[in-house]
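Chemist: Take a look and give me a structure for this.
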Amino acid sequence: MSAYILEAKGIVKTFPGVRALNGVDLKVKKGEVHALVGENGAGKSTLMLTLGGVHKPDEGEIFIEGEKVSFESAHDANKKGISIVYQELSLVPNLSVAENIFANRQPVKFLNLIDWKRLYEQTKEMLSLFDIDYIDPSALVKDLSIANQQVVEILKAMSFNPKVLILDEPTSSLTEVEKKQLFKNIRILKSKGISFIYISHHLHEIFEIADTVTVLRDGEYICEAEVKDIDEDFLVSKMVGRKISNIYGERDKDTKPGDVLLEVKNISRAGAFENVSFSVKRGEIVGLAGLVGAGRTEVGRAIFGAEPVESGEIYLEGEKLNIRNTKQAIENGIGYMSEDRKTQGLYLKFSIKNNLISNRLKDFCINGLISEKQVSRNGEEKIREFNIITPGCEQIVGNLSGGNQQKVLLATWFGIKPKLLIVDEPTRGVDVGAKSEIYVLLRELAKKGVGIIMISSDLPEILGVSDRIIVMKEGKVAGELSKEEANEEKVIAIAAGVQTNQKECV
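Modeler: Next up is the predicted model:
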């Protein structure tokens, strides 16, 4: 009997013009959480899809419990014991929990009619794996929270009785509280002998949940290590091939935030947020923390004019604003970098250079016509300034890696020369190297006197980058913490409504 539940040896996979995997090895023990890390483009997704039967390797071998296997399809991989939970949920919103978990495999009775009683019983059995009794098998998936949808997605994969479950960025849409529930569920399944391959850009999660980690870089195997024997600096250096001692950076000791730039006074919108008040100084990075549904994004979009404010006042540089749309916000020097770059931030089918001017077309017009020469010059300048990895400014944005797409989006908003920039989940789906670059760019912008509001569900990011943290709960400001007094426990306590001392709450 092999010591490994899953073993991949010398996996090679080539696409036209690109060798995505070059002799990669991976060994996963039974009942362990094995993390797979690397920058965007390192080969993680290709390896995952190869192990999951979506791609066939050009070279190399795959073994399950010591037996050599080959997969003709993802369904074939499922039957042989490997299931994948993708980052993008594959659930059907208008179907029930039970129908999603057992899609196309529902128990039937006479005349091939669905046996609903047995289907719900099977679903309850699956939910019991996580000790869950609060999810109704007949509930529609669209009515569940993102965290519970994630549970359904995992149970759907578990219904195939996998030996190895691959989780791809499973916490990308979860809050800290929901992440802890996910980790609890992983540990329950791990105790039952299920093995996990855990893919994440959040390195602190690796140290919280994983037993072993394998690092890939540029399609090649770099190393494997026991998590207990290493630290984050070790992982980062192996991933990027250079030392990054502090990915969040630090404020220059000789620079301090200036006077008040933005004042938000008692702004409200029914069903979204109520009596929200806070300020941002020149050159200050203010973090907005809270659970999903706390109203952080809604407040950011309201300041930017993307959503209405029903009452309250907003002041910029001491002048009261009456912003009714995003065009007016931009004219007043307010930018907003959306949390969803693919649907609300970028024009994926447009070139880099055209994306970079999309929020300020007038700046590139001569006699009413856009100057292609100026557009191209701006594109090349921003590519250099933001270290965007691309053949040139004509490249289609949708063809870039996630990290480079994010840098294009950031460069687009830097281009308006904002007085205030709101960045919503600025490093979602971005590797550690690109994260470090984005933090440097934000700090450089703040150093020039720009006020920054950073909305993030990544608590280490909030704690590492913010000068001050505003915590929201159920649409209201629940507390405020300085950088010196803030830690994960205090932020979570305030966000969850746990009693804290009056100094922290406003």
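
Chemist: quick one: the helices in the stretch 401-506 of the chain?
Modeler: 402-414, 432-447, 459-465, 488-496 (DSSP state H, counting those that start in this stretch).

Chemist: Can you read off the pLDDT for Lys80?
Modeler: The model reports Lys80 with a pLDDT of 92.

Chemist: Then the one 4 residues further on?
Modeler: Per-residue pLDDT puts Ile84 at 91.

Chemist: so where does it fall, helix or strand?
Modeler: strand 82-85 (DSSP states H and E).

Chemist: now for the following helix or strand past that strand, which elements pack on it?
Modeler: In the C-terminal direction, the helix or strand that comes right after strand 82-85 (DSSP H and E) is helix 97-101. Helix 97-101 sits against helix 116-127, helix 146-158, with contacts defined as 3 or more C-beta pairs under 8 Å, 6 or more residues apart in numbering; DSSP states H and E. (Glycine included, C-beta is placed from N, CA and C.)

Chemist: sorry, back to before: in its sheet, which strands sit next to the strand holding Ile84, and in what direction?
Modeler: strand 164-168 (parallel) (DSSP bridges).

Chemist: how far off helix 146-158 does the strand it pairs with point, in degrees?
Modeler: 150 degrees (axes from the mean of the first three to the mean of the last three C-alpha atoms, to 10 degrees).

Chemist: And Val276, how close does it get to Gln181?
Modeler: 28 Å (C-beta to C-beta, to the nearest Å).

Chemist: Same drill for those two, tell me which one is more crowded.
Modeler: It is Val276, of Val276 and Gln181, that has more neighbours when counted by other C-beta atoms under 10 Å, with 26 against 17.

Chemist: so that one is in which element?
Modeler: strand 273-281.

Chemist: which outside residues touch that strand?
Modeler: 257-268, 286, 295, 298-299, 302, 312, 420, 451-453, 470, 472, 475-477, 480 (C-beta atoms under 8 Å, 6 or more residues apart in numbering).

Chemist: give me that answer again for 6 Å
Modeler: Contact with strand 273-281 is made by 257-258, 260-268, 286, 295, 298-299, 451, 470, 475-477, as judged by C-beta atoms under 6 Å, 6 or more residues apart in numbering.

Chemist: Quick one: mean pLDDT over that strand.
Modeler: Mean per-residue pLDDT for strand 273-281: 96.

Chemist: what do you get for stretch 305-317?
Modeler: Per-residue scores along stretch 305-317 average to 95.

Chemist: tell me which residues in it are buried?
Modeler: Buried residues in stretch 305-317, counting neighbours by 16 or more other C-beta atoms under 10 Å, are found at Gly305, Ala306, Glu307, Val309, Gly312, Ile314, Leu316.

Chemist: Just name the closest of these to Asn100, please.
Modeler: Closest approach to Asn100 among these (C-beta to C-beta): Glu307, at 31.0 Å.

Chemist: Just to check, that closest one is in contact with Gly300?
Modeler: No. Between Glu307 and Gly300 no contact is recorded; they are 9.2 Å apart, counting by C-beta atoms under 6 Å.

Chemist: low-confidence ranges in the chain?
Modeler: Within the chain, the segments meeting pLDDT under 70 span 1, 173, 175, 242-245, 498-506.

Chemist: Quick check: phi and psi at the nearest residue to Arg443 once chain neighbours are set aside.
Modeler: Nearest residue to Arg443, sequence neighbours excluded (C-beta to C-beta, 6 or more residues apart in numbering): Gly249, at 5.4 Å. Torsion angles at Gly249 (phi, psi; degrees, to the nearest 10) stand at phi 70, psi -180.

Chemist: Please give me every residue in contact with Gly249.
Modeler: Here Gly249 is in contact with Tyr439, Val440, Arg443 (C-beta under 6 Å, 6+ apart).

Chemist: Make CSV from these and add distance to Lys109 and neighbour count to it.
Modeler: Formatted as CSV, the contacts of Gly249 follow (distance: C-beta to C-beta, whole Å; neighbours: other C-beta atoms under 10 Å):
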residue, distance to Lys109, neighbour count
Tyr439, 58, 21
Val440, 62, 14
Arg443, 64, 19
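
Chemist: Closest one of those to Asp458?
Modeler: Nearest member of the contacts of Gly249 to Asp458, counting by C-beta to C-beta, is Tyr439, at 11.6 Å.

Chemist: Distance check, the closest one against Val299.
Modeler: Distance from Tyr439 to Val299, by C-beta to C-beta: 22 Å.

Chemist: same check, this time on Leu203
Modeler: 29 Å.

Chemist: out of the two, which sits in the busier spot?
Modeler: Val299 (28 against 21).

Chemist: For the more buried one, which three-state class applies?
Modeler: Here Val299 is recorded as helix under DSSP: H, G, I helix; E, B strand; the rest coil.

Chemist: list the contacts for it?
Modeler: Val299 neighbours (C-beta under 6 Å, 6+ apart): Phe273, Val276.
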